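**Student:** output the structure for:
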Amino acid sequence: WYQRRVRKQWYQRRVRKQWYQRRVRALQPPQTPSMGKVKKTRKFAEVKRLINPRDARLKRNEVKEKKKEEKKDDETKNIPQYPSSLFFRYNTALGPPYRVLIDTNFINFSIQNKLEIIQSMMDCLYAKCTPYITDCVMAELEKLGPKFRVALRIAKDPRFERLPCTHKGTYADDCIVQRVNNHKIWIVATCDRDLKRRIRKIPGVPIMYIVQKRYSIERMPDALGAPKM
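**Tutor:** Numbering: from 1, shown residues only. You can find the predicted model right below:
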């Protein structure tokens, strides 16, 4: 009885399959008889067709290229002029009293490391230093709120020179970069990585930062008090 049952199931599947195939053929559109593919024989010593070198189209292109070259030659090239005081990355014109442009986070990190700003700068450079603070740095310190009131009190020290800002907004990084680009008389004091990266692209501007609880400076070989890194 088991074999009969298996044979019956196999026969039913076969009948169902045949019915499905007939149904599919009936639904398909009638096919037109197609011709066989013609075999393409490769031509012997076949050469790609080339434009004649005396063709007028090539002459037009040559005239256009000449005109473009003439325009390029006529254009004035703006080459930035660097001061003669620069010796590679170093600015030989910098001398005491040094003008130090202070960033917001430099004051905060000085407080954390318990460093007196003017005295630590003099210990680093072995010369008189005048710290300068812009209006946008003061605005940033005021925005930070009462948590940073000590930093604001230090920034209001009468020994710190104030620089007025004429630009819109209170973003100090752009202001510092612009001032440094205009005049190569500054040392920038900052611990901000992004600002350091931007200032390193400008030749002749030393960067002061905090390391090993002391002030250090880069791109200034005369700084004998800076720790050796």
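**Student:** so which helix or strand of the protein has the lowest pLDDT on average?
**Tutor:** Each helix and strand of the chain was given a mean pLDDT (mean pLDDT, DSSP states H and E); the minimum falls on strand 86-87 at a mean of 74.
**Student:** where are the low-confidence patches of the protein?
**Tutor:** Applying pLDDT under 70 to the chain flags the ranges 29-47, 54, 56, 73-80, 82, 224-225, 228-229.
**Student:** all helices of this structure, in order?
**Tutor:** Here the chain has its helices, by DSSP state H, at 2-27, 56-74, 104-112, 117-125, 135-143, 149-155, 172-182, 193-200.
**Student:** closest one to A226 among those?
**Tutor:** helix 117-125 (5.3 Å; C-beta to C-beta). Where you see a C-beta, it was placed from the backbone N, CA and C, and this is true even at glycine.
**Student:** sort out which residues of the closest one are buried, please.
**Tutor:** Neighbour counts over helix 117-125 (16 or more other C-beta atoms under 10 Å) mark I117, S120, M121, M122, C124, L125 as buried.
**Student:** same check, this time on stretch 180-200
**Tutor:** Residues of stretch 180-200 classed as buried by neighbour count (16+ other C-beta under 10 Å): 180, 184-192, 195, 198-199.
**Student:** okay, those in TSV with distance to K143 next?
**Tutor:** Converted to TSV, the buried residues of stretch 180-200 look like this (distance: C-beta to C-beta, whole Å):
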residue	distance to K143
V180	23
K184	30
I185	28
W186	24
I187	25
V188	21
A189	20
T190	18
C191	18
D192	16
L195	18
R198	22
I199	23
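**Student:** just the closest of those residues to C129, please.
**Tutor:** Nearest to C129 among those, with distances taken as C-beta to C-beta, is I187, at 8.1 Å.
**Student:** which ones are touching that closest one?
**Tutor:** I187 makes contact with L94, Y98, R99, V100, L101, V205, P206, I207, M208, I217, M220, according to C-beta atoms under 8 Å, 6 or more residues apart in numbering.
**Student:** separation between it and S120?
**Tutor:** 13 Å (C-beta to C-beta, to the nearest Å).
**Student:** do H183 as well
**Tutor:** From H183 to S120 the distance is 24 Å (C-beta to C-beta).
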